[in-house]
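Colleague: From the sequence below, what's the structure:
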Amino acid sequence: MKVHFIAIGGSVMHQLAIALHHKSYQVTGSDDEIFEPALSNLAKVGILPVSTGWDANRITPGLDAVILGMHARADNPELKRAQELGLKIYSFPEYIYRESRQKQRVVIGGSHGKTTITAMIMHVLQAQQKAFDYLVGARLEGFPQSVNITDAPLIVCEGDEYPASVIEKRPKFHFLHPHIAVLSGIAWDHINVFPTFDNYLEQFAIFIRQMEPGHILIYNSTDEVLSALVDKEGRHLKLVPYTLPIHMITNGVTRVYFEEGFSDLQVFGDHNLLNLHAARLVCNELGIADDAFLQSIATFKGAAKRLELVGKNKQTAVYRDFAHAPSKVKATIQALQQQYPHRKLIAVLELHTYSSLNAGFMDQYQGAMDPANEAVVFYSKHALEIKRMPELLPEQIAAGFGRKDLHVFNQRAQLEAFLDAQQYKDTNLLLMSSGDYEGMDIRALWEKIK
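Modeller: Numbering: from 1, shown residues only. Modelled structure (predicted):
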């Protein structure tokens, strides 16, 4: 196979390129800019483009496939040349499906928890020495890359609802066609693509309708919107609902129970217990019994930036989390409060996504940070400029969150000064963002605190 990647430097694109290189495919690629870690990863295996930029001469009739990355534009000269030659052009998920047509396919979808559920399943499968391929949205401990394509009979995929490419506007998870699917819940997101909740909801309805009769849908029945949708659209499927499993918290450690067994966990929070229950049901369908699942999940530490522990001592813990959507923010704050009920909580949220920086979306955050003792919202004017969005005023943010004592900062120095001034005795700090607080060094912050 000869495969060319347009926009090879993407976070998952370059991982797929490396996976196909390891499969002995002839892999080439191009991009207008390539950053770390993609730069080093591609160079290490010898498929880093010699120069940056687009060149239509790279596209030849002998190519078996052209894979189009998310940030390539419709007028990209390489894309136009591929279209002129009538070559097979795939978005990332379309190509994943092409490589997995003969495999058993597990797809994890939903507005939240996708990465963690996928990571939990992968962790257990690896511990049980099962052969499988995977696609996941984060780097995981014990896995050298976030995409792997081999001759394994099974593939586990995180299914994103974002559009597949510039020429394929349908959501990525519509192209993966699962035998076993998970839907973790539905909470409006990506308003730049789905301007109304009904439009967003319809993407999940299509996903359910597209599944073959008799295939398995595992879904979070505590989500009323999702449950109603499954009841309406999923009658042709084998439906497996899940809820919060039986558990207890003792001395900061969560123990979960299934049937006659139990396991002490390294992760915590109701949202993670729901994620774990979904993972357990998938593993059951793949032939892994509860005792084996519980033994394996005990060593799961979580995916990167998903309630990731930065550091702790006897009186303070600092966590960072990828949370940015309102439902994720609320769930993450609640998780820390439940795990440390006698500690004060300082919660910091960076608004970084298109939705979260949109004044019209701000009221979706109403009450999301109320449970925190101190609540801080940070946003970068530079992020607004990059996304070509209008000015966002602190007053608009405060009104949206509905909290009079909310601290709102738009300069990193202001945020750092606030955090330096706090007292951290019997106090936890939670930093939530899909960005990086304009380059704030979180490890250095912990060194000051401890």
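Colleague: For whichever strand or helix holds residue 93, report the contacting residues that lie outside it.
Modeller: Per DSSP states H and E, residue 93 falls inside helix 92-99. For helix 92-99, the external contacting residues (CB atoms under 8 Å, 6 or more residues apart in numbering) are 12-13, 16, 65, 67-70, 90, 105, 135, 149, 155, 157, 160, 164-165, 168, 172-177. C-beta here means a position set from N, CA and C on the backbone, and glycine is covered the same way.
Colleague: I'd like the next helix or strand past it.
Modeller: Helix 92-99 is succeeded, C-terminally, by strand 104-109 (DSSP H and E).
Colleague: who's in contact with the spatially most central residue of the chain?
Modeller: With distances taken as CA atoms, centre = their mean, residue 115 lies nearest the centre of the chain, 4.5 Å away. With contact taken as CB under 8 Å, 6+ apart, residue 115 is in contact with 136, 137, 138, 158, 303, 306, 322.
Colleague: mind giving me CSV with those and columns for secondary structure?
Modeller: Listed next are the contacts of residue 115 as CSV, based on DSSP: H, G, I helix; E, B strand; the rest coil:
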residue, secondary structure
136, coil
137, coil
138, coil
158, strand
303, coil
306, coil
322, coil
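Colleague: Now intersect the contacts of helix 92-99 with the strands, please.
Modeller: Here DSSP state E is the test, and the contacts of helix 92-99 give 65, 67, 68, 90, 105, 135, 155, 157, 164, 165, 168 as lying in strands.
Colleague: Now do the strands in the stretch 1-150 of the chain.
Modeller: 2-6, 26-30, 65-68, 89-91, 104-109, 133-135, 147-148 (DSSP state E, counting those that start in this stretch).
Colleague: just so I know, which of those strands lies nearest residue 37?
Modeller: strand 147-148 (13.6 Å; CB to CB).
Colleague: Which of the helices and strands in the protein ranks last by mean pLDDT?
Modeller: Least confident helix or strand, the chain: helix 381-386 with a mean of 86, by mean pLDDT, DSSP states H and E.
Colleague: Only alpha carbons, please: show that helix as PDB.
Modeller: C-alpha atoms of helix 381-386 as PDB (Å, rounded to 0.1, in the frame of the first residue of the first chain):
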ATOM      1  CA  LYS A 381      -7.300  37.200  24.600                       C
ATOM      2  CA  HIS A 382      -4.900  35.500  22.300                       C
ATOM      3  CA  ALA A 383      -7.100  32.500  22.100                       C
ATOM      4  CA  LEU A 384     -10.000  34.800  21.000                       C
ATOM      5  CA  GLU A 385      -7.800  36.300  18.300                       C
ATOM      6  CA  ILE A 386      -6.600  33.000  17.000                       C
END
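Colleague: re the thing from before, check what pLDDT the residue nearest to the centre of the chain gets.
Modeller: Per-residue pLDDT puts residue 115 at 93.
Colleague: Same question for residue 43.
Modeller: Reported pLDDT for residue 43: 97.
Colleague: Next: residue 251.
Modeller: 83.
Colleague: Kindly report the same for residue 109.
Modeller: 97.
Colleague: Not counting its neighbours along the chain, what's nearest it?
Modeller: Closest residue to residue 109 apart from its sequence neighbours, by CB to CB, 6 or more residues apart in numbering: residue 159 at 4.0 Å.
Colleague: Give the burial count for that neighbour, as a bare number.
Modeller: Residue 159 has 26 neighbours, counted by other CB atoms under 10 Å.
Colleague: Look through this protein and tell me its longest strand.
Modeller: Taking DSSP E as the criterion, the chain has its longest strand at strand 344-351.
Colleague: Mind listing the strands that strand pairs with, and their directions?
Modeller: The strands that strand 344-351 pairs with in its sheet are strand 374-379 (parallel), strand 427-432 (parallel) (by DSSP bridges).
Colleague: Run through who's touching the last one.
Modeller: So the one you mean is strand 427-432. Contacting residues not belonging to strand 427-432 are listed as 310, 315-324, 328-329, 332-333, 336, 340, 343-350, 372, 419, 422, 437, 442, 449 [CB under 8 Å, 6+ apart].
Colleague: Quick check: which helices or strands does the helix or strand encompassing residue 209 pack against?
Modeller: Under the criterion of DSSP H and E, residue 209 resides in helix 197-210. Using 3 or more CB pairs under 8 Å, 6 or more residues apart in numbering; DSSP states H and E, the elements in contact with helix 197-210 are strand 180-183, helix 224-233.
Colleague: which one of those lies closest to residue 283?
Modeller: Closest to residue 283 of the helices and strands packed on helix 197-210, according to CB to CB: strand 180-183, at 10.2 Å.
Colleague: in its sheet, what does that closest one sit against?
Modeller: Checking strand 180-183 against DSSP bridges gives partners strand 104-109 (parallel), strand 216-220 (parallel).
Colleague: I'd like the ones you listed written out as CSV, with distance to residue 379 and mean neighbour count added.
Modeller: Listed next are the strands paired with strand 180-183 as CSV, based on distance: least, CB to CB, whole Å; neighbours: other CB atoms under 10 Å:
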stretch, distance to residue 379, mean neighbour count
strand 104-109, 29, 26
strand 216-220, 30, 24
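Colleague: Many thanks, I have nothing further to ask.
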